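*Asks:* here you go, sequence then predicted model.
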Amino acid sequence: MPPAVFPARNAALYDLLLRGMRLVSEWTARVLEQSAWKFANPADPATSECPKDAKDYEKVVRYNYKLIDKTALVEVRVDVCARPAGVRAGRAADTWPARLLFAGRCRSS
């Protein structure tokens, strides 16, 4: 049957798709904001496990991410890429464990 036969169903599918795309876009932006914050604030050898002779890139990537940061990034990746059912089930970004990534440093609100 032509798509015009089920306008309510089409509208619901469109709204669901739009919501999912907005969530993925929001999650992507927040991951990028978090990475930008890490690059702007590299690990300080005086206050962290970072050795004094570490290169700038190591200060940002190797020594600036704590276990909780890495865990949150992995959870975002898994939820977005491997389990799209999370979007279908109506889960929001602030209800899952990766909310740690979105709190505090990289968000002003």
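*Replies:* Yep, that arrived.

*Asks:* helix/strand/coil for the residue nearest to residue 42 when sequence neighbours are not counted?
*Replies:* The shortest distance from residue 42 to any non-neighbouring residue, by C-beta to C-beta, 6 or more residues apart in numbering, is to residue 59 (3.8 Å). Placement of C-beta: from N, CA and C, glycine included. Of the three states, residue 59 takes helix under DSSP: H, G, I helix; E, B strand; the rest coil.

*Asks:* give the buried residues for stretch 38-52.
*Replies:* 38, 42-43, 50 (16 or more other C-beta atoms under 10 Å).

*Asks:* among the residues you listed, name the ones in helices.
*Replies:* Of those, the ones assigned to helices by DSSP state H are residue 38.

*Asks:* and which of the buried residues of stretch 38-52 is nearest to residue 23?
*Replies:* Distance ranking of those against residue 23, using C-beta to C-beta, places residue 38 first at 22.9 Å.

*Asks:* was I right to think that closest one contacts residue 60?
*Replies:* Yes. Applying C-beta atoms under 8 Å as the test, residue 38 and residue 60 come out as touching, 5.8 Å apart.

*Asks:* ranges for the strands of this structure?
*Replies:* For the chain, applying DSSP state E gives no strands.
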